[in-house]
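**Q** Structure, please.
(4 chains)
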2 protein chains.
Amino acid sequence: MMLVVSLESKEPVIDQIVGGIRRAIAGGELRPGDELPPVRQLAADLGVNLNTVARAYRALEGAGLVSTARGRGRGSRVTSDCELVHESDDETRERIEGGFGDVAADAKLAGVSFEVARAAALRQLQRFYGAASGKGGNA
Amino acid sequence: MMLVVSLESKEPVIDQIVGGIRRAIAGGELRPGDELPPVRQLAADLGVNLNTVARAYRALEGAGLVSTARGRGRGSRVTSDCELVHESDDETRERIEGGFGDVAADAKLAGVSFEVARAAALRQLQRFYGAASGKGGNA
DNA sequence: ACACAAAGTATCATACATTGATACAAAAAC
DNA sequence: GTTTTTGTATCAATGTATGATACTTTGTGT
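**A** Numbering: from 1, shown residues only, chains lettered A, B, ... in the order given. Predicted coordinates for the structure are as follows:
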C-alpha cells in the first residue's frame, strides 16, 4: 500500500485516498480478498484523521470495491467478487472519453507534444490493462 | 460558445466554465483574439451568478489564456499570444501522464474494454492536436 | 461637457463540504 | 467476562463556492 497524500493539494484527501486505492486495485497491486490497513494505521501513516480514511473506505464500499466489518480480526478488504466485471454502458463510455478529452486538452495547452501525450496515454492504458486480473475484456 | 454547466455536478461551476473554455481554446473552437461573452450574458445563459463567470474569467486570465478590461466596448477575449506554446517541463509531463492514468484506471474498473478505451483516448488526442492552430509540436 | 449604458470588480452573506476531536459500538482474543 | 481491535457516529471548526448587491471604469450619444 504505497500511498501518499498531499494536504496542500486542491483535491480533497478523501478523494486522494479513494483514487489511490482504486488505482491499486485496477493495476493489480491490490487483489480481491486482500486486506486493507485498519483506518487508524493508515491514518497515522498518511498523517490524517482516522475519519478521513474511514470515509474513504466507505466510499469504496459504496462503489462495491471494498467490504468492511467491525470488530477485532475483521476490518476492511478488497471485495472478492470485484472481478465480476460488468458490461459498460454508453453513459460510462462517454464519461471515460470525456475524461481523456480533459487530459488531452490540458496536455495541448501545457505545450506537451502529440507524440509525448500519445505515448503517455498508451503507457498508462498498458499499465492497467496489460498487467492484472484475467483478460476479461468486455465492451 | 456551446457551453453547459450542471449545478448538480460535484465539480464546481467555476471549474466547469474554466474547463469548457480551456477545451474550446485547445480545440480551436475559440481562437486567439476572439471575444468572450460578457459575464452577465454568459451567466444568464448558464443560469448562474455573474460573479461565478467573472471568477472563471479571472482564473483564465491568471493562466494567461484570457485578457479582460472594464468598460463599454471592452470586455474579455482570448489572449492573442496564447499561441506561443512554451516548452513543457518534466513536472508537466508527469502531471499529464498521471491524468491519463487516472482515467485509464477508471475505465478498467468501469468495465470498459482496452480496445474501446484506447480508441477513445486516441480520438480525443486527435481532436485537440489534429485540428487547430499551427502544427507547432514541441516536447 | 454631460448623462447613460455596458463592461468588469469589490464586498458581504450564506450554504455546504472537508477535516478533525472525541465518544460509541461490535466482534474476536484471551 | 474483560480487554483489545476493529469500524461508526456525533459535533465543532474551518474553508470554499455561490449569490445579492453596490461600485468603478470606459465608450457612446447628445
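**Q** how near is residue A:55 to DNA strand D?
**A** 8 Å (C-beta to the nearest atom of the strand, to the nearest Å). Where you see a C-beta, it was placed from the backbone N, CA and C, and this is true even at glycine.
**Q** Who are the contact partners of that residue?
**A** By C-beta atoms under 8 Å, 6 or more residues apart in numbering or on different chains, the residues touching residue A:55 are residue A:14.
**Q** average pLDDT for the host helix or strand of it?
**A** When secondary structure is defined by DSSP states H and E, residue A:55 falls within helix A:50-62. Across helix A:50-62, pLDDT averages out at 97.
**Q** cool, and stretch A:73-83?
**A** 87.
**Q** quick check, the helix holding residue A:55 touching DNA strand C?
**A** Yes - on the criterion C-beta under 7 Å from any atom of the strand, helix A:50-62 is in touch with DNA strand C at A:50-52, A:55.
**Q** Dihedrals phi and psi, the residue of chain A found nearest DNA strand C?
**A** Distance from DNA strand C to each residue of chain A (C-beta to the nearest atom of the strand) is smallest for residue A:71, at 2.5 Å. Main-chain dihedrals, residue A:71, degrees, to the nearest 10: phi 110, psi 150.
**Q** Assign the residue nearest the centre of chain A to helix, strand or coil.
**A** Nearest to the geometric centre of chain A sits residue A:22, at 1.8 Å (C-alpha atoms, centre = their mean). When the structure is reduced to helix, strand and coil (DSSP: H, G, I helix; E, B strand; the rest coil), residue A:22 reads as helix.
**Q** Which residues are in contact with it?
**A** With contacts taken as C-beta under 8 Å, 6+ apart, residue A:22 has the following neighbours: A:60, A:65, B:105-106, B:109.
**Q** Just the buried residues of those.
**A** The neighbour-count test (16 or more other C-beta atoms under 10 Å in any protein chain shown) marks A:60, A:65, B:105-106, B:109 as buried among the contacts of residue A:22.
**Q** Where is pLDDT lowest across these?
**A** residue B:109 (92).
**Q** For burial, what's the neighbour tally of the residue lying closest to that one once chain neighbours are set aside?
**A** Spatial nearest neighbour of residue B:109, excluding adjacent residues (C-beta to C-beta, 6 or more residues apart in numbering or on different chains): residue A:26 at 5.1 Å. Residue A:26: 25 surrounding residues under other C-beta atoms under 10 Å in any protein chain shown.
**Q** Residue A:33 too?
**A** Residue A:33: 12 surrounding residues under other C-beta under 10 Å.
**Q** Check it and give its pLDDT.
**A** According to the model, residue A:33 scores 94 on pLDDT.
**Q** Now do the helices in chain A.
**A** A:13-26, A:39-46, A:50-62, A:90-109, A:114-125 (DSSP state H).
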